[in-house]
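Trainee: What would the 3D arrangement of this be:
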Amino acid sequence: MAFARPKKREPVGEAGLFEYAVGALARRMRTERDLRRLMRDRAEEGEAGARAMDAVIARLKELNYLSDERFAEDYTRVRKEHEKFGQRRVQQDLMMKGVGKELVASTLETAYEDVDEVALARQYIARKRMKQPGGVNAQKETVRAMNRLLRAGFSSRAIYKVLREWKVPEEAIPAEGGGDSDSYAEREEDDLPEF
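Mentor: Below you'll find the model as predicted:
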């Protein structure tokens, strides 16, 4: 059975776009870029559609319905406090959602300034019910745990501290870090495991 093609919608004017945008924002907070992407499918093509979208965005900002700053703050708070993600993961997610670099940097600096990354990593481990590596496949399990923590946005420094707290055998810890910007040269001597 073939899939039916979606019907081409009739383009709507500024009033219709505004109504659609308010409904989209009522369902979920969005960035300006995301909202423009949604409206593009419903707006007229060309200059008239672009002007209508600009007018709708300006009106939404004036009414305080749309704010990339508020989106970045709320998104960061939820990802940090509830999902226990590290700073790098939140940074990548915000950049993918279209939040500007400067805004991302200032938001993350404020949100993560007093956060103990190792404690946050421990909370993430507890939330995800990760098991301590050990047994016959200790090295494989250690690599899996490290990769999972890297994807969650934690630095290799914090990951190695957590592994040392778990008392993972040194031979189970990989000799090279994952694609993390914390290079071994940048770490303090006492933070490095003995190889």
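
Trainee: for the record, mean pLDDT for the longest helix seen in the chain?
Mentor: In the chain, ranked by residue count with DSSP state H as the criterion, the top helix is helix 47-62. Taken as a whole, helix 47-62 has a mean pLDDT of 95.

Trainee: How about stretch 118-135?
Mentor: Mean pLDDT, computed over stretch 118-135, is 90.

Trainee: Same question for stretch 87-97.
Mentor: The pLDDT scores in stretch 87-97 average 95.

Trainee: Domain boundaries for this protein, per the record?
Mentor: Structural domains annotated on the chain: 14-62, 68-112, 117-186, as defined by automatic domain parsing.

Trainee: Take these and write them to TSV, including distance to residue 3.
Mentor: The way it works is simple: take the backbone N, C-alpha and C, and place the C-beta from them, glycine included. Formatted as TSV, those follow (distance: least, CB to CB, whole Å):
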stretch	distance to residue 3
domain 14-62	18
domain 68-112	28
domain 117-186	33
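
Trainee: picking that back up, check what contacts the longest helix of the chain and list those residues.
Mentor: Helix 47-62 is touched from outside by 11, 13-14, 17-18, 21-22, 25, 32, 35-36, 39-40, 43-44, 66-67, with contacts defined as CB atoms under 8 Å, 6 or more residues apart in numbering.

Trainee: List the buried residues for that helix?
Mentor: Of all the residues in helix 47-62, those buried under the rule 16 or more other CB atoms under 10 Å are 49, 52-53, 56-57, 59-60.
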